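A.B. asks: can't give you the sequence, but here's the structure:
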């Protein structure tokens, strides 16, 4: 599948035994597993993101989306957003999250989405922040603990009043 931004432009297709690459301006813009079966389409739903962001209601009907083997974490992220946003903003937010894949890769995106699901906080900004945290530190976050605060002693206040 050619990225929609290149529709109507000249590009170079390189066919290898195991994959097909599409190049534009000295840059590979798409790479797909090659299918040797007749009539079998290999589609990457990430290439459809620009179109789906304009028409998010087509997401569940898109053949590339239905045939793609979505990792469990991404399926859980979409289900969480659909539960949280029944107004239709769920798919659009999920698509925005998927656009991060071009910058960080699907594996790193999934590693950032896993804690977001644990925190039950899956908007794009939260996933971006978790991506940054995953990338900037390899240490587990410090546990949140409440500081030790001694119980209040009202007699100290009374001493202040009598001293004045």
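C.D. replies: Cool, the structure landed. Here the structure is a predicted model, which is why all the values come from computation and not from measurement. Residues are numbered from 1 along each chain as shown.

A.B. asks: and the strands in this structure?
C.D. replies: Along the chain, counting by DSSP state E, strands occupy 12-15, 19-24, 27-33.

A.B. asks: neighbouring contacts of the longest one?
C.D. replies: Contacts with strand 27-33, where a contact means Cβ atoms under 8 Å, 6 or more residues apart in numbering, come from 1-3, 6, 11, 18-23, 42-44, 47. Yep, even glycine has a C-beta here, placed from its N, CA and C like the rest.

A.B. asks: one more time with 10 Å, if that's ok
C.D. replies: Contacts of strand 27-33 with the rest of the structure, by Cβ atoms under 10 Å, 6 or more residues apart in numbering, involve 1-3, 5-6, 11-14, 16, 18-24, 41-44, 46-47.

A.B. asks: the second one too?
C.D. replies: Contacts of strand 19-24 with the rest of the structure, by Cβ under 10 Å, 6+ apart, involve 1-3, 5-6, 9-15, 28-35, 42, 47.

A.B. asks: how much space between the nearest residue to residue 6 once chain neighbours are set aside and residue 30?
C.D. replies: Leaving out its chain neighbours, the residue that sits closest to residue 6 by Cβ to Cβ, 6 or more residues apart in numbering is residue 24, at 5.6 Å. Distance, residue 24 to residue 30, using Cβ to Cβ, to the nearest Å: 9 Å.

A.B. asks: center of the protein - which residue?
C.D. replies: residue 97 (3.4 Å; Cα atoms, centre = their mean).
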